[in-house]
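Participant: model this:
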Amino acid sequence: MTTAPRPLRCLLVDDEALARRGLRHRLSQIGDIEIVAEAGNGREALAMVGQHDIDLMFLDIQMPGIDGFGVLRTLPMSRWPLVIFVTAFDQYALDAFRVHAVDYLLKPVEDERLREAVARARKLRDHSELESQHARLLALVGGERPQTLGEPAADRLTLKDGSTLVRVPLADIRWIDAAGDYVVVHTADANHVARASLRELAERLPPERFVRIHRSTIVHTRYVTRLRPHINGEYFVDLDGGQELKLSRGYRDQLDKLA
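Facilitator: Model (predicted):
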């Protein structure tokens, strides 16, 4: 005799009561779903998560006070349910959420897309994949990559490259350039462009392996093959792949780390 699957315990979060009512009705037609609570803003959502055992949260993004991303940043990661974003706006990393989150649904939500999203959430819950799900979401909304199961946090750098989250092994990063409001992370196989500052990335990299040699360049020491004096106290930094970077005069105190 097989045990019937436990219904998905859901929280609906939207500042529009009509939107919550419509979503509740459509979810009732899917089956194996229990709406345990609703919230009209971020503060109410935080309270509901604290009061109930939630499997899945349907979360609007633009709300007064604490928005959808703020809800996730405020909650301890251990309290995060699975999340499906439901919003009228498509500028919030739509493709990235479709790949790395449970889903990102645009209003008005299509019935088939809703069914697909719920099925995906149920599969994640039933296969105990919450830990990796939490890590991907936290990286997206917070810009930092937390530690995931069985993998040291220092081994990879998570970047949002266009609309996709990319987890780049630190060992593969050869150097990083700044380009205006963006950085370019160079590996042997690809260049990843992300909206971030070089200072921000430097704080997330182990300083014994990654050295800043210019206001717009960080280099991975393992790939440095030669230092060549240039003019005005500058140096050329040669990499094993044939690339030539420049160490500026203001960063000469970093030479010992490259030798």
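Participant: so who does residue 233 touch?
Facilitator: Under the criterion of Cβ atoms under 8 Å, 6 or more residues apart in numbering, the neighbours of residue 233 are 249, 252. All C-beta atoms are positioned from the backbone trio N, CA, C, and that covers glycine.
Participant: Ramachandran coordinates for it?
Facilitator: Backbone geometry at residue 233, expressed as degrees, to the nearest 10, gives phi 80, psi 10.
Participant: what does residue 23 give?
Facilitator: phi -70, psi -40.
Participant: Where do the domain boundaries of this protein fall?
Facilitator: For the chain, automatic domain parsing gives the domain ranges 8-142, 153-258.
Participant: By mean pLDDT, show me the worst of those.
Facilitator: Set side by side, the domains of the chain give their lowest mean pLDDT on domain 8-142, at a mean of 83.
Participant: so how far is residue 85 from residue 10?
Facilitator: According to Cβ to Cβ, to the nearest Å, residue 10 stands 14 Å off from residue 85.
Participant: picking up where we left off before, return the most buried member of the domains of the chain.
Facilitator: Sort those by mean neighbour count, taking mean count of other Cβ atoms under 10 Å, and domain 8-142 sits at the top with a mean of 17.
Participant: Show me how far it is from its chain's centre.
Facilitator: Here domain 8-142 is found 16 Å from its chain centre; the criterion is Cα atoms, centre = their mean, to the nearest Å.
Participant: Show me where the stretch 151-259 of the chain has its strands.
Facilitator: Taking DSSP state E, counting those that start in this stretch as the criterion, the stretch 151-259 of the chain carries its strands at 156-161, 164-169, 173-179, 182-187, 191-195, 210-214, 217-220, 224-229, 235-239, 244-247.
Participant: Let me have these in a markdown table, extended by distance to residue 55.
Facilitator: Converted to a markdown table, the strands of the stretch 151-259 of the chain look like this (distance: least, Cβ to Cβ, whole Å):
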| stretch | distance to residue 55 |
| --- | --- |
| strand 156-161 | 25 |
| strand 164-169 | 23 |
| strand 173-179 | 37 |
| strand 182-187 | 36 |
| strand 191-195 | 32 |
| strand 210-214 | 40 |
| strand 217-220 | 41 |
| strand 224-229 | 49 |
| strand 235-239 | 48 |
| strand 244-247 | 49 |
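Participant: Nothing else from me, thank you.
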